[in-house]
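> I would like the atomic coordinates for the input below:
(chains A and B)
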Amino acid sequence: MARCADGTHAARRFLAVAGAALSLSLGFSSSQALAFESPQDGVYEDRIDWGVTGDMSGPAAGSQHPWVKGFQSRMHLVNEKGGINGRQINVLAEDTRYDAPSERIAYEKFASQTPVLGMSGMGNSSAQTALVPMINRLKVPVVGTYTTAKASVEPTNPLIYGGFCGFKQMAQVGVGHFANSLKLDKPKVATVHLDVASGVEFNGYMDEAVKKLGGTNVSIPIKVVAADATPQVLALLDAKPDFVAIHGVATTSLLVLKAMQQYGVDVPSFAITYLGTPSVYQSVGEAAGKNYHFVSCFTPASAASPEAAADLIAQAEKDGHGALQDDINFVAGWVVAGLVAEAITEAGEEPTREKLVEILNDGFELPASGLSSKLVYTSKDHEGLKVLQPIGYDYATKKFKSFGDYADFEQYVN
Amino acid sequence: MLVQFLLTGLALGSIYGLVALGFAVIYKAERVFNFAQGILMVCGAYLAYTATTQLGLPFPVAVIVIIAAAALLGIVIQFLFIRPLSGQPLLPVIMITIALSIILKALIEILYGVQPKPLATSLPTGVLILGDVRLSQLNLTAAVVSWVCMGVFFAFFRFTKAGLLMRATADSHEAAILSGVNVNRINAGAWAIGTILAVIGGVFLGQIQLASTELEHIGLLALPAVVIGGLQSIPGAIVGGILVGVIEQLASGYISPKARDVFIYIPLLIMLLVRPWGLFGNRELGRV
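Numbering: from 1, shown residues only, chains lettered A, B, ... in the order given. This is a model prediction of the structure:
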């Protein structure tokens, strides 16, 4: 009896434990179904890993490091607001030092060792071009490139999406705006450019844009480690251009502008987007800088409306990057992080690389935010930001100034 | 146009000559081929940025602070890294200077960030017009200061006791030690002078461009200058620097910017093959 009683008690205990185990197990599997994970895509229950590559300590660090900081700041804000669909965005940043082999190693790492849902940056156009076959094989989408190599977007690649203003549009808007505002029928233009692949590419686009108006363009190359721009400015004096286009890095643009002032070459000039930094204007001084502009699809904080720039300014201050808020590269990183956040949001609660590509490739649009022009991806065009505007600097207020809205310059882009 | 190129090349070459002179002084004293000379020049640009922009010191005070800091930096480098390797083969010493260059660059980027810094001092920035020739007053000032520095150090080595001891030590460490010369102190002095010269070059190049670690590449043009002029020759370093500056201008102006390297490094190759002791160096003869 006692045994029976004991047996009954044991059976009851068994049933209770089994029941609890069953309900725990059911509960666990139901929560598993709710919290989707795909570690091979860098997607976990509570976070999504996203890769960023950029030159943070090499020759292009002056422009790419602020870009990475801008990207990180925007993602800090996204995370502080609760992340995306309950997941925090974990940015894995790799310093690739403007070096193609390092870029390749970082991409492979993001594909399998520390898998990410996607990545942004890849600011070395030569590396980007060389990595296209690998990107096609490993299939980690590159969303928001710092520079967009021709081979990455022509023909359209479903895995690569531009995130910076293109050289072609820089040339078109710069030439269109200056020819129009100076009332030139057949503009005579000189392009001072670095003697590297992107410089030659930009000069080619300048040729096209100027020829379209029946004008002429003179190519004037300069070395990236030049210590002086006298030969270039003597060539400018010889060419007698109506305006000058400048491609290069901060130091070369500075040398050209100072030498132009030295030789009394008082013609308007515009530079590529990357040169839109306060330090260039501050170094060159008002006399040489008043006639100098840059064309950009991004708006520095001081030239944007207070509402559009409020989050960027507040977050930059909070992250200790207050001095970068007017750096066009910081703004560009901020905008690209916004693009990434929007794409992940649209990929839903169960995001994968495949789904992300589907969302972006099917037709994706981000309206003009006040900090950038409209971004559009279609299945046939992944360049993204196409409309630019000229921007100058007001030395009295130490602020950048726009020359209108992005819509005003759409006419020059085709 | 030719006169313009020659004068601009002379002004720029004077800065290269100054940095090359610092290189030659260190080589003469310790037989150290200092690959950190370029980054020491970069230190000059950042020291000037700190003194003038961050600390807001008046320019004459800033100059004193920059020179004192440069001398201290040179002495510390010699004491910590070069002196312990005294008597060692050439390779470890060269590796030390390469490592030093990498460390200093990283430290600068940690301390100041990677963005170039605008450097504004009270040095003249206008233009001097002489007929058809236009010269930047900043470049001219750089050339004049370089020539004054070269003159001062030339006189120092020629007419002062310390200079004489340095030359004696450079000729023979052993003989100097036997004569009771404090060789360590002399070598530290050579590093102080070499660093001061590099730093002055950096102050000018930092203002001509921006204070940036990329200036190191320009500073390294002192290497071909010093090899062409003669590794152990003080006038050779100066002439070598000027030659590099003029060649750079003529090649960039008449051919293309890329031609600059060809026309600077071909003479260097020829010099190493035909006259390895340089234009003004002395051929070393050894008894067998």
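> How many residues are close by the residue nearest to A:Thr277 when sequence neighbours are not counted?
Leaving out its chain neighbours, the residue that sits closest to A:Thr277 by CB to CB, 6 or more residues apart in numbering or on different chains is A:Asp327, at 5.3 Å. From N, CA and C alone the C-beta is placed, and that goes for glycine too. For A:Asp327, the neighbour count with other CB atoms under 10 Å in any protein chain shown is 26.
> mind checking pLDDT for A:Asp327?
On pLDDT, A:Asp327 comes in at 92.
> residues from the stretch 51-200 of chain B in reach of chain A?
Counting by CB under 8 Å from any CB of the partner chain, the stretch 51-200 of chain B comes close to chain A at B:106, B:109, B:113-120, B:125, B:127, B:134-136, B:139.
> and if we set it to 10 Å?
Residues of the stretch 51-200 of chain B found near chain A (CB under 10 Å from any CB of the partner chain) are B:105-106, B:109-110, B:113-120, B:125-129, B:134-139.
> Looks like the residue nearest to A:Thr277 contacts A:Gly70 (just checking).
Yes: under the criterion of CB atoms under 10 Å, A:Asp327 makes contact with A:Gly70 at 8.0 Å.
> residues shared between the contacts of those two?
By CB atoms under 10 Å, 6 or more residues apart in numbering or on different chains, A:Asp327 and A:Gly70 have these common neighbours: A:316, A:321, A:333.
> In helices, which of those residues fall?
A:316, A:333 (DSSP state H).
> Which of the shared contacts of A:Asp327 and A:Gly70 ranks first by neighbour count?
Going by other CB under 10 Å, A:Gly333 tops the shared contacts of A:Asp327 and A:Gly70 with 32 neighbours.
> quick one, what contacts that residue?
Counting by CB under 10 Å, 6+ apart, A:Gly333 touches A:52, A:54, A:64-75, A:120-121, A:144, A:146, A:163, A:298, A:324, A:327.
> ranges for the helices of the stretch 151-300 of chain A?
A:167-181, A:197-212, A:230-239, A:250-262, A:278-289 (DSSP state H, counting those that start in this stretch).
> wait, which of those helices is closest to B:Phe79?
Minimum separation from B:Phe79 across the helices of the stretch 151-300 of chain A (CB to CB) falls at helix A:250-262, 33.8 Å.
> Quick one: mean pLDDT for stretch A:407-414?
The pLDDT scores in stretch A:407-414 average 91.
> List the buried residues for that stretch?
A:409-410, A:412-413 (16 or more other CB atoms under 10 Å in any protein chain shown).
> Closest one to chain B out of those residues, please.
Proximity of those to chain B (CB to the nearest CB) peaks at A:Phe409, which lies at 28.2 Å.
> What confidence value was assigned to the residue of the stretch 1-150 of chain A found nearest chain B?
Nearest residue of the stretch 1-150 of chain A to chain B (CB to the nearest CB) works out as A:Ala61 at 3.8 Å. Listed pLDDT for A:Ala61 reads 86.
> which residue sits closest to it in space, ignoring its chain neighbours?
Looking at A:Ala61 with CB to CB, 6+ apart, the closest residue is B:Val114, at 3.8 Å.
> Test my guess that that neighbour contacts B:Ser212.
Yes: at 8.7 Å, B:Val114 counts as touching B:Ser212 under the criterion of CB under 10 Å.
> overlap in contacts of these two?
Overlap of the contact sets of B:Val114 and B:Ser212 (by CB under 10 Å, 6+ apart) consists of A:61-62, B:108.
> Take the residues you listed and write them to TSV, including secondary structure, distance to A:Asn203 and neighbour count.
Shown next, in TSV, are the shared contacts of B:Val114 and B:Ser212 (DSSP: H, G, I helix; E, B strand; the rest coil; distance: CB to CB, whole Å; neighbours: other CB atoms under 10 Å in any protein chain shown):
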residue	secondary structure	distance to A:Asn203	neighbour count
A:Ala61	helix	25	25
A:Gly62	helix	22	25
B:Ile108	helix	33	20
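> need the residues you listed in a markdown table with distance to B:Leu100, can you?
Compiled in a markdown table, the shared contacts of B:Val114 and B:Ser212 are given as follows (distance: CB to CB, whole Å):
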| residue | distance to B:Leu100 |
| --- | --- |
| A:Ala61 | 20 |
| A:Gly62 | 23 |
| B:Ile108 | 12 |
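> now, among those residues, which is nearest to B:Ile242?
The closest of the shared contacts of B:Val114 and B:Ser212 to B:Ile242 turns out to be B:Ile108 (CB to CB; 28.5 Å).
> Check the burial of B:Val144 by counting its neighbours.
That count, for B:Val144 with other CB under 10 Å as the rule, works out to 12.
> Can you name the residues that contact A:Val132?
A:Val132 touches A:142, A:149, A:151-152, A:157, A:159-160, counting by CB under 10 Å, 6+ apart.
> when you check these against the strands, which ones overlap?
Judged by DSSP state E, the subset of those located in strands is A:142, A:160.
> Between the contacts of A:Val132, identify the one with the most neighbours.
A:Val142 (26 neighbours).
> Around chain B, which positions in the stretch 51-200 of chain A sit nearby?
Checking the stretch 51-200 of chain A against chain B by CB under 10 Å from any CB, the hits are A:55-66, A:69, A:194-195.
> Thanks a lot, catch you later.
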